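[1] Prediction below, plus the sequence it came from.
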Amino acid sequence: MVRSIASRIRAIPPSGIRRLFDLAQGVEGIISLGIGDPVPAFDTPEFIKEAAKKALDAGYSAYSPNLGFLELRELISTKYKQEYGLDYTVDEICVTCGAGEALYLACQALLDPGDEVIIPDPSFLTYPPQVSFAGGVPIPVPVYEENEFAITVEDIQENLTPKTKMIILNFPSNPTGAVMQASDLKGIADLALDHDLFILSDECYEKLVYDDAKNTCMASLGVQDRTIVVNSFSKTFSMTGWRVGYALANKEIINAMMIIHQMNAVAANSAAQMGCIAGMKNEGALEQFLNTMLTEFDSRRKLLVNGLNFIEGIHCLMPKGAFYAFPNIKGTGMTSAEFSEFMITQAKIVMVPGNVFGAHGEGYVRASFVASSEQIKEALERIKACARNIK
């Protein structure tokens, strides 16, 4: 008998992003608007790196407690009290190996086979597989450009069944840059209460908001006990490769997540946690770093979006959060994949096809504005020149 890879894994399609970057490998003069990583533009602050180095010299090479160092969890607890008025004990916080692990732990801890999970479409491409890995059933709910890619209570209600157990939210959004208003999120919170649903809220881009937009922590809307908040140091601290995230939830949920965490990752990297502690304690330096990063990303955001809107066949909303634009390329007559491949081969520009983020991302591409202003200007010139040749 020939043994095979598990069917649940074979059912997960390969990453469309990875295929795109494979195409770009070895292409000279490539400009990437594909990567969602602030580090090339803004390296991890020196005081955080120095704290991690000192931690290594001081012997922080062993395992930390499973939930993470107590001091770090105390600082996270204080942050949520000061910023959102939420009370979390240190036993309601689990430090994880990036936000990705926190999402995985939450799905594994809460979903039984056949449980349905509402997911905005388009949204971050790992959500449906995370649900499927746990035996759950992803239920994509379209979000629309005319609603600024916000999910509505009505859209969720139309997709509820007796099997619905959880809603996954991600605002500010990857890939659309959407930010939902507190009043609209409150409607979803009330819906979750009425239907006894969990909410898994990925808030990794909480500090990356522009203009008059404000981030709202989902747990602050009267649903703390049924919300799992996932956050990360990757974006705000520019620590993507350090792989430190965390989850906040009631103690019962955190205990369930910790059982899986113990048997899997065991604990987040000890020296990296010490760097995070230094970042959270040095509020003044971190605020200065974040303000500088936000100012620069805001300038690049406007440069990219305004430039795209001058190109025939393309139009783009101004994103209010994260560092992604989600231009509509339907006017070119190409599919998302065709447009992305055309831009790699003809313009040497990497943009991610929107359909990798869900079926309703078709007709769009994701363009990151973490590239330098000079690179964005050059990219726009190349896109504009190539767009003239699309037939």
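    The structure has been received and is ready for your questions.

[2] Give me the below-cutoff pLDDT ranges for the protein.
    1-2, 391 (pLDDT under 70).

[3] ok now the lengthiest helix in it, how far from the chain's centre?
    In the chain, assigned by DSSP state H, the helix with the most residues is helix 283-308. Put simply, helix 283-308 sits 18 Å off its chain's centre (C-alpha atoms, centre = their mean, to the nearest Å).

[4] same for that helix, what does it pack against?
    Contacts defined by 3 or more C-beta pairs under 8 Å, 6 or more residues apart in numbering; DSSP states H and E place helix 283-308 against strand 324-325, helix 373-387. Quick note: C-beta positions are derived from backbone N, CA and C, even for glycine.

[5] Now do the residue positioned nearest the centre of the chain against Asp37, distance only.
    Nearest to the geometric centre of the chain sits Asn174, at 5.1 Å (C-alpha atoms, centre = their mean). Asn174 sits 12 Å away from Asp37, going by C-beta to C-beta, to the nearest Å.

[6] and if you look at Asn170?
    Asn170 is 17 Å from Asp37, by C-beta to C-beta.

[7] Show residues contacting the helix or strand where Thr78 lies.
    Taking DSSP states H and E as the criterion, Thr78 maps to helix 70-84. Contacts to helix 70-84, defined as C-beta atoms under 8 Å, 6 or more residues apart in numbering, come from residues 67, 86-90, 93, 95, 217, 219-220, 229, 246, 248, 273, 276-277, 280-281.

[8] just the strands in the stretch 201-350 of the chain please.
    227-232, 245-248, 324-325, 349-350 (DSSP state E, counting those that start in this stretch).

[9] Pro138 in helix, strand or coil?
    When classified by DSSP: H, G, I helix; E, B strand; the rest coil, Pro138 comes out as strand.

[10] neighbours around it, how many?
    Applying other C-beta atoms under 10 Å, we find 17 residues neighbouring Pro138.

[11] is it true that it touches Ile119?
    Yes. At 5.3 Å, Pro138 counts as touching Ile119 under the criterion of C-beta atoms under 8 Å.

[12] what sits in contact with each of these two?
    Tyr127, Pro128, Val131.

[13] which among those end up buried?
    Neighbour-count burial (16 or more other C-beta atoms under 10 Å) is assigned, among these, to Tyr127, Pro128, Val131.

[14] Of those, which is the nearest to Phe289?
    For those, the residue nearest Phe289 by C-beta to C-beta is Tyr127; the value is 29.4 Å.

[15] ok, now how distant is that closest one from Leu248?
    For Tyr127, the distance to Leu248 (C-beta to C-beta) stands at 19 Å.

[16] same check, this time on Leu169
    Separation of Leu169 from Leu248 (C-beta to C-beta) stands at 14 Å.

[17] go on, Ala62?
    With C-beta to C-beta as the criterion, Ala62 and Leu248 are 25 Å apart.

[18] And for Lys54?
    28 Å.

[19] Looking only at neighbour counts, state which of those two leads.
    Set Lys54 next to Leu248 and count neighbours by other C-beta under 10 Å: Leu248 wins out with 27 against 14.

[20] my guess is the more buried one contacts Val229, does it?
    Yes. Taking contacts as C-beta under 8 Å, Leu248 lies within contact range of Val229: 4.4 Å.

[21] What about the nearest residue to Ala109 once chain neighbours are set aside, how many residues nearby?
    Spatial nearest neighbour of Ala109, excluding adjacent residues (C-beta to C-beta, 6 or more residues apart in numbering): Ala256 at 3.9 Å. Neighbour count of Ala256, defined by other C-beta under 10 Å: 16.

[22] and stretch 344-354, which residues are buried?
    Ile344, Ala347, Lys348, Ile349, Val350, Met351, Val352, Pro353, Gly354.

[23] Need the residues that contact that stretch.
    Here stretch 344-354 has contacts from 16-17, 20-21, 23-24, 27-35, 122, 175, 326, 335-337, 339-340, 343, 361-367, 379, 382-383, 385-386, 389, using C-beta under 8 Å, 6+ apart.

[24] Show the end-to-end separation of that stretch, please.
    15 Å (C-alpha to C-alpha, to the nearest Å).

[25] Then stretch 224-235?
    Span of stretch 224-235 from end to end, C-alpha to C-alpha: 24 Å.

[26] picking up where we left off before, name the SS class of the residue nearest to the centre of the chain, please.
    Applying three-state DSSP: Asn174 is coil.

[27] same deal with the one 4 residues further on?
    Per three-state DSSP, the local secondary structure of Ala178 is coil.

[28] count of neighbours near it?
    Ala178: 28 neighbours (other C-beta under 10 Å).

[29] where's the residue nearest to Ala109 relative to Leu221, distance?
    Taking C-beta to C-beta as the measure, Ala256 falls 23 Å from Leu221.

[30] ok, back up a step: quick check: neighbours shared by Leu248 and Val229?
    With C-beta under 8 Å, 6+ apart as the test, Leu248 and Val229 both reach Tyr80, Ala219.

[31] Contact partners for the nearest residue to Pro319 once chain neighbours are set aside?
    Distances taken as C-beta to C-beta, 6+ apart put Gly177 closest to Pro319, at 2.4 Å, once the chain neighbours are dropped. By C-beta under 8 Å, 6+ apart, the contact set of Gly177 is Phe149, Leu317, Pro319, Lys320, Gly321, Ala322, Phe323, Tyr324, Ala325, Phe326.

[32] residues touching the last one, list them.
    Phe326 makes contact with 122, 149, 175-177, 316-317, 319, 354, 361, 364-367 under the criterion C-beta under 8 Å, 6+ apart.
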